[in-house]
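Q: this one's structure only:
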């Protein structure tokens, strides 16, 4: 069994179905040994898509969990594009955007939800450079959006 | 890329794959036809679409419009400037409608295309548009980012066909240069 798939199983992680893009774009584009992933939002919680602002509608802890589910979607996109997650050599860079109230300062704590997942799943290969910023709004009013670049073989 | 589209004078078929009628001899052609023949495929496509790329102003700060690294070209964030050179300003969802902002995204796409042509000399060198990143100046609670960004994405796809299909990220911010409505940067793969 493939290494990363085994790791996912061990962690009890089941990858979600990749939701269709909400506009005229694709989930990911491979160029050379890089895979550029489009920005993704969090998974539904109890059948409902999380909508709202962090620091007002959601706590940092809740947003951390949302960011983790965005990470699951991003890994699912990688599997869909590559067929085999063992082809991921390195998560190179993550850009995490938090739909936050003005003055919010805990963007890193929120995006850690995604980063921690990448390290759990990919080990050292999951350690990445990152930017985490607060936004004035996000598509469909989702609380978190994250994109990533992965090195692949 | 390169799939056939119907219509147009027969000699346009020159650049197409597959069987095509012999083009008329050069001496029978007018000067304008010859000029068109000398154009790159994407330039011809732009002409077919009736798209005139804007003349670019010098960057307003300490940066360059595009930078190549291997087969990738990283294009700087570009601005919504109309054919008269006017920067489109406002807050999307407050004093700018989603549909107007969509048009601004298209104007920004034209600026990106002009910058790429300037950088590459020939847009035929584009083998894939890899990624767009759009920052929209929005009112709090605005949610229509995808609809706005499609203004740029649709343009890119019209011009490059399947090679124009890209990954994309969009977000809303409180302020942008000069109070403009949108800023879009791009990563492009080139030959």
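A: Ah, there it is. What you see is a predicted model; the values in this text were computed from it and never measured.
Q: which parts of the longest strand seen in chain B are buried?
A: In chain B, with assignment by DSSP state E, the single longest strand is strand B:126-137. Across strand B:126-137, burial judged by 16 or more other CB atoms under 10 Å in any protein chain shown covers B:126, B:128, B:129, B:130, B:131, B:132, B:133, B:134, B:135, B:136, B:137. Yep, even glycine has a C-beta here, placed from its N, CA and C like the rest.
Q: who's in contact with the fourth one?
A: Translated: residue B:130. Applying CB atoms under 8 Å, 6 or more residues apart in numbering or on different chains to residue B:130 gives the contacts A:29, A:31, A:36, B:72, B:166, B:167, B:186, B:187, B:188, B:189.
Q: Correct me if wrong: the fourth one contacts residue B:189.
A: In this case it means residue B:72. Yes: using CB atoms under 8 Å, residue B:72 is in contact with residue B:189, at 6.0 Å.
Q: so what's residue B:117 up against?
A: Counting by CB under 8 Å, 6+ apart, residue B:117 has contacts B:53, B:123.
Q: Return the distance of it relative to chain A.
A: Distance of residue B:117 to chain A, given as CB to the nearest CB, to the nearest Å: 20 Å.
Q: Let me know the helix or strand that that residue is in.
A: Using DSSP states H and E, residue B:117 maps to helix B:98-120.
Q: chain center to that helix: distance?
A: Average the C-alpha atoms of helix B:98-120, do the same for its chain, and the two points are 5 Å apart (CA atoms, centre = their mean, to the nearest Å).
Q: ditto for stretch B:93-102
A: Distance, centroid of stretch B:93-102 to centroid of chain: 20 Å (CA atoms, centre = their mean).
Q: which of the contacts of residue B:130 are buried?
A: Judged by 16+ other CB under 10 Å, buried ones among the contacts of residue B:130: A:29, A:31, A:36, B:72, B:166, B:167, B:186, B:187, B:188, B:189.
Q: pLDDT below threshold where in chain A?
A: Applying pLDDT under 70 to chain A flags residues A:1.
Q: how about stretch A:81-100: buried residues?
A: A:81-82, A:85-88, A:90-100.
Q: Which ones among those lie within strands?
A: A:88, A:90, A:91, A:92, A:93, A:94, A:95, A:96, A:97, A:98, A:99.
Q: want to throw those residues into CSV with distance to chain B?
A: CSV is the format used below for those (distance: CB to the nearest CB, whole Å):
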residue, distance to chain B
A:88, 16
A:90, 17
A:91, 15
A:92, 13
A:93, 12
A:94, 11
A:95, 7
A:96, 10
A:97, 5
A:98, 10
A:99, 8
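Q: And the residues you listed, which is closest to residue A:143?
A: residue A:99 (5.0 Å; CB to CB).
Q: And the closest residue to that closest one other than its chain neighbours, how far from residue B:143?
A: Residue nearest to residue A:99 in three dimensions, not counting chain neighbours: residue A:138, with 4.3 Å by CB to CB, 6 or more residues apart in numbering or on different chains. Counting by CB to CB, to the nearest Å, the gap from residue A:138 to residue B:143 is 8 Å.
Q: and these two? which has more neighbours close in?
A: residue A:138 (26 against 18; other CB atoms under 10 Å in any protein chain shown).
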